[in-house]
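# fold the following, please.
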Amino acid sequence: MPASDSALDRRIGAELAVPVDPRVADFAAAIAKPWGDGALAVLFYGSCLRSTELDGQMLDFYLITRDYDAAYAGAGKPKWMARANAAIPPNVFPATHDNLVAKVAVLSLADFERLCSVAAGDVSVWARFAQPARLVWQREEAVAPITHAVANASRTLFAYALPMMEGGADGPLAIYNRGFTLTYGAELRAERAGRAGSVVEHDADRYRAAGAEILAEGVAPFGDR
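Sure, this is the predicted structure:
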């Protein structure tokens, strides 16, 4: 079956569509508005999604654009910002709305698709979107490609984690745990010991079911590609 018709893609599509706190949806709309037609979607992810705590926290969003030049021009931002975003994606901006604060990473749809796949040059995007996320503002044309890209983030994690399993694969939760442990270790940010395990334990049923679907697809370990 086409990848977009897979059980994993359907699961991710349903997950992305789960409603969020109305303040998050309003914030997302406010983030998208200045970019006009250049904005395709806004994704919400991270610790605030897991905890549902918003006040006094730093929320995390990704703004997905059609392309950098048109989006930055439409938003009235200088050309060098578009060039920088294309050269070393993403650009990250602070944002405030209704007494909430956030950081907003900006990616084109093409870069988002690439950075969720095994073609990515680093772990920063696919490691985040192998975790639950919400599509909190979108144009209809963006839903299918973003859903597939987010599903590919978990496929990518499995492709990289499977060869690193000590003693071989030991079920979806162990593979997710191994993948997140490795990706947290690869990034230059301070994370407490055991963070990877706490992420998986927070929503173990989700990771177990999604991981089983990935294994059923027969994902190839990265070294076998």
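# just the helices in this protein please.
For the chain, the helices defined by DSSP state H occupy 7-16, 22-32, 47-51, 68-74, 79-87, 109-115, 124-129, 140-161, 172-186, 195-202, 204-217.
# now these in CSV, please, with extra columns for mean neighbour count and mean pLDDT.
Bear in mind the C-beta positions are built from the backbone N, C-alpha and C, glycine included. Output for those, formatted as CSV (neighbours: other Cβ atoms under 10 Å; pLDDT from 0 to 100):
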stretch, mean neighbour count, mean pLDDT
helix 7-16, 18, 97
helix 22-32, 19, 98
helix 47-51, 16, 91
helix 68-74, 19, 95
helix 79-87, 15, 97
helix 109-115, 21, 98
helix 124-129, 22, 96
helix 140-161, 22, 96
helix 172-186, 19, 87
helix 195-202, 16, 77
helix 204-217, 17, 96
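# can I get those helices in JSON lines with distance to Met58?
Shown next, in JSON lines, are these (distance: least, Cβ to Cβ, whole Å):
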{"stretch": "helix 7-16", "distance to Met58": "22"}
{"stretch": "helix 22-32", "distance to Met58": "12"}
{"stretch": "helix 47-51", "distance to Met58": "8"}
{"stretch": "helix 68-74", "distance to Met58": "23"}
{"stretch": "helix 79-87", "distance to Met58": "21"}
{"stretch": "helix 109-115", "distance to Met58": "21"}
{"stretch": "helix 124-129", "distance to Met58": "14"}
{"stretch": "helix 140-161", "distance to Met58": "22"}
{"stretch": "helix 172-186", "distance to Met58": "18"}
{"stretch": "helix 195-202", "distance to Met58": "16"}
{"stretch": "helix 204-217", "distance to Met58": "24"}
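# which of these sits closest to Ala39?
helix 22-32 (4.1 Å; Cβ to Cβ).
# before we move on, the earlier item: right, and the helices of the chain - which one's nearest Pro94?
Here helix 22-32 is closest among the helices of the chain (Cβ to Cβ), at 11.0 Å.
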